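*Asks:* Provided below are the primary sequence and the corresponding predicted coordinates.
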Amino acid sequence: MSKKKSTSAALKYLHRRFYAGRPERLAEFEEARASAEVARTVYELRTKAKLTQKELAARVGTTPSVISRLEDDDYEGHSLAMLRRIAAALNKRVEIRFVALKSERAA
């Protein structure tokens, strides 16, 4: 019977294999992670408010296709102005934080 390796061990292997010593790859990864997080947050806020993309677009003063793009993990054009418009339409506010990056040695 073989032991299963943990997800953590697999992630450490992938990090060493594809990102360690490659700051440009780490930067691309962090950018993609941040874009995906914004997209997920917009989607979650909209669905929690029980709004369709069309309804949110009307509140924001844009088109449903813009909302769709904003909710796409691959979209990299999030602007602070648009995020503020969405937040206002949902009776929220945008909050920005700067956090330290994990060092390559920690991963």
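*Replies:* Happy to help now that I have it.

*Asks:* use CA for all of it now, contacts and neighbours both
*Replies:* Will do.

*Asks:* run the chain-centre distance for whatever helix or strand K12 lives in.
*Replies:* Per DSSP states H and E, K12 falls inside helix 7-18. The chain centre lies 21 Å from the centre of helix 7-18; the measure is CA atoms, centre = their mean, to the nearest Å.

*Asks:* continuing past that helix, what's the next helix or strand?
*Replies:* Past helix 7-18, the next helix or strand by DSSP H and E is helix 23-48.

*Asks:* then the helix or strand following that following helix to CSV, C-alphas only?
*Replies:* Moving toward the C-terminus from helix 23-48, the next helix or strand (DSSP H and E) is helix 53-60. What follows is helix 53-60, C-alpha atoms only, in CSV (Å, rounded to 0.1, in the frame of the first residue of the first chain):
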residue,chain,number,x,y,z
GLN,A,53,-24.9,40.5,-14.8
LYS,A,54,-27.5,42.6,-16.7
GLU,A,55,-29.0,44.0,-13.4
LEU,A,56,-25.5,44.9,-12.0
ALA,A,57,-24.5,46.5,-15.3
ALA,A,58,-27.6,48.7,-15.2
ARG,A,59,-26.8,49.8,-11.7
VAL,A,60,-23.2,50.5,-12.6
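
*Asks:* name the residues of helix 53-60 that come out as buried.
*Replies:* The neighbour-count check on helix 53-60 (16 or more other CA atoms under 10 Å) flags 53-54, 56-57, 59-60 as buried.

*Asks:* again with stretch 65-82
*Replies:* 67-68, 70-73, 76, 82.
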